[in-house]
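Undergrad: Fold the following, please.
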Amino acid sequence: MNPLQVLGMALGAGFSSGLNLYATVATLGLLQRFGVIHLPPSLAAVAHPIVLGIAIALYLIEFLADKVPFLDTVWDAIHTFIRPPAAAVIAYGAAAAAPPEWRWAAALIAGGVALTSHSTKASTRAAVNTVPEPFSNWALSFGEDMLAVWLTWFTTAHPVATIVIVAALLVVCAILLHYLFRFARAALKTL
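TA: Take a look at the predicted model:
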């Protein structure tokens with residue numbers, strides 16, 4: 001695996017794990033299980049029926065929790081301590097064929113990218129929870145799930161092209177976070 005492929009895998013796995021870790025793991029496991037991709041031996045365990053079953057069960061719990069305003073905020077707060085480290089582990093395992101320094105670099109990058117996408121997701125969802133209707137919350141949740149699954153697949157098929165896509169997504173995250181912090185500051189001033 002060349003450095004660009006390692007970087008693409010780290011960015012893609014990191015971003016999608018930050019959005020929905022369990023969808024990312026389930027997607028990787030299902031792609032491996034049905035022979036669409038061949039993961040490195042250090043990551044092939046995600047296709048084991050037990051791991052796959054747990055990932056799908058946790059995805060279903062997250063799917064439901066994400067549809068309930070404020071419960072999704074609590075869920076995201078808890079997962080601040082789960083998604084970034086798990087993304088680092090996934091990237092480290094995905095870069096198994098790379099030299100150790102590239103594996104560690106991939107893990108660090110994936111963890112940071114996961115924290116960025118997770119923070120943007122959690123902040124956006126908290127802001128949307130201030131709106132009384134539930135449809136925007138549901139639309140965001142469905143969009144996040146679809147993006148996590150698609151990006152996971154795309155990363156496995158086109159790791160180098162993923163670099164450009166995730167770079168663009170990180171720019172969108174930076175812009176969103178800027179406006180969300182301005183929104184929060186304005187809301188706090190009115191209190």
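Undergrad: Report the contact partners of Ile82.
TA: Leu21 (Cβ atoms under 8 Å, 6 or more residues apart in numbering). Where C-beta positions appear, they are placed from N, C-alpha and C, glycine not excepted.
Undergrad: Let's test this: what are the backbone torsions at it?
TA: Dihedral angles of Ile82 (phi, psi; degrees, to the nearest 10) stand at phi -110, psi -50.
Undergrad: mind listing the helices for the protein?
TA: Using DSSP state H, the helices found in the chain span residues 3-33, 49-65, 71-79, 83-94, 100-128, 135-157, 159-189.
Undergrad: Reformat those helices as JSON lines; add distance to Pro41.
TA: Shown next, in JSON lines, are the helices of the chain (distance: least, Cβ to Cβ, whole Å):
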{"stretch": "helix 3-33", "distance to Pro41": "11"}
{"stretch": "helix 49-65", "distance to Pro41": "14"}
{"stretch": "helix 71-79", "distance to Pro41": "28"}
{"stretch": "helix 83-94", "distance to Pro41": "9"}
{"stretch": "helix 100-128", "distance to Pro41": "14"}
{"stretch": "helix 135-157", "distance to Pro41": "16"}
{"stretch": "helix 159-189", "distance to Pro41": "18"}
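Undergrad: so can I have a markdown table of those showing mean neighbour count, mean pLDDT and distance to Pro40?
TA: Converted to a markdown table, the helices of the chain look like this (neighbours: other Cβ atoms under 10 Å; pLDDT from 0 to 100; distance: least, Cβ to Cβ, whole Å):
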| stretch | mean neighbour count | mean pLDDT | distance to Pro40 |
| --- | --- | --- | --- |
| helix 3-33 | 26 | 95 | 10 |
| helix 49-65 | 15 | 97 | 15 |
| helix 71-79 | 16 | 95 | 25 |
| helix 83-94 | 25 | 96 | 6 |
| helix 100-128 | 21 | 95 | 10 |
| helix 135-157 | 18 | 95 | 11 |
| helix 159-189 | 14 | 93 | 13 |
